[in-house]
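Visitor: Need coordinates for the following:
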Amino acid sequence: MQPILLLALLQAATPSTPPTPTNRWSADPAHSAVAFRVRHLGITWVNGTFGQWTAELNYDPSKPEAASVTAHIQTASVTTGTDRRDNDLRQNYLAVDSFPEITFVSKRVEKVAPDKLRISGDLTMRGVTRPVVLDADIGGVLTTARGRRVAFSATTTIKRQDYGITRNGFMEGAQIVGDEVRITIDVEAPERATTP
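Guide: Okay, the predicted model is just below:
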């Protein structure tokens, strides 16, 4: 038997070693979303999303308390489905020309149930940094032929005035935009390869 053929057969017979987990993940924008909702006139909700953002995670399923996350959201990418309202948000609420980015940096992660985490960190918006807490559900880790993927869904509520967003308008005696903003972050993230 030819040496090259023998070598090829031996390589085919040897099971491939699975890659060493890096436990470093990057959000997949096609399967992730940053959404928010705020009261309109005190009786209904306006919903919106940010179309451009990134999230980098360090997460070992066996050590969730050691996890960390950093997110960067581009404020100009806000959309609520109405151009006039979107422009109002960009100019008069988010001031995107002066503050093009919202950031979140985790400081502490607590496991509060088998599939739930409490993530404490700093949210910076319009140049103001304040602590927030995200309540997160762990979607799980899936191993596929193309690598591992992890998923989370997290929620929090902030008061917009805490970040200098004090604009208040009234219509027929009702506040047009509510004070509290509910935020939902859904993340599906593939594992990043080991840095060579």
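Visitor: quick one, strands of this protein?
Guide: 24-26, 33-40, 44-50, 53-58, 68-74, 78-79, 101-113, 116-125, 128-144, 147-159, 170-171, 174-175, 177-190 (DSSP state E).
Visitor: Which of those sits closest to Gln91?
Guide: strand 78-79 (11.0 Å; Cβ to Cβ). For glycine as for every other residue, the C-beta is placed from the backbone atoms N, C-alpha and C.
Visitor: how about low-confidence regions in this structure?
Guide: 1-19, 171-173, 194-196 (pLDDT under 70).
Visitor: Swap in 90 and give it another go.
Guide: 1-21, 40-43, 144-146, 167-177, 193-196 (pLDDT under 90).
Visitor: Can I get the strands of the chain in CSV including mean neighbour count and distance to Arg90?
Guide: What follows is the strands of the chain, written out as CSV (neighbours: other Cβ atoms under 10 Å; distance: least, Cβ to Cβ, whole Å):
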stretch, mean neighbour count, distance to Arg90
strand 24-26, 19, 27
strand 33-40, 18, 14
strand 44-50, 15, 11
strand 53-58, 18, 15
strand 68-74, 18, 11
strand 78-79, 18, 6
strand 101-113, 15, 13
strand 116-125, 18, 13
strand 128-144, 14, 18
strand 147-159, 17, 18
strand 170-171, 9, 21
strand 174-175, 13, 20
strand 177-190, 18, 14
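Visitor: Nearest to Arg85, out of the ones you listed?
Guide: strand 44-50 (7.4 Å).
Visitor: quick one: that closest one to strand 101-113, angle?
Guide: Angle, strand 44-50 to strand 101-113, by axes from the mean of the first three to the mean of the last three Cα atoms, to 10 degrees: 110 degrees.
Visitor: middle-most residue in this structure, spatially?
Guide: In the chain, the centroid-proximal residue (Cα atoms, centre = their mean) is Ile185; its distance is 4.9 Å.
Visitor: Disregarding residues adjacent in the polypeptide, which is nearest to that residue?
Guide: Ala154 (4.6 Å; Cβ to Cβ, 6 or more residues apart in numbering).
Visitor: Just put the strands of the chain in TSV and tack on distance to Arg85.
Guide: Below are the strands of the chain laid out as TSV (distance: least, Cβ to Cβ, whole Å):
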stretch	distance to Arg85
strand 24-26	31
strand 33-40	10
strand 44-50	7
strand 53-58	20
strand 68-74	18
strand 78-79	9
strand 101-113	18
strand 116-125	19
strand 128-144	23
strand 147-159	19
strand 170-171	14
strand 174-175	15
strand 177-190	10
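Visitor: Can you say which of those strands is nearest to Asp88?
Guide: Of all these, strand 177-190 comes closest under Cβ to Cβ, at 9.3 Å.
Visitor: Sheet-wise, list the partners of that closest one with their directions.
Guide: Strand 177-190 has the following sheet partners, assigned by DSSP bridges: strand 33-40 (antiparallel), strand 147-159 (antiparallel).
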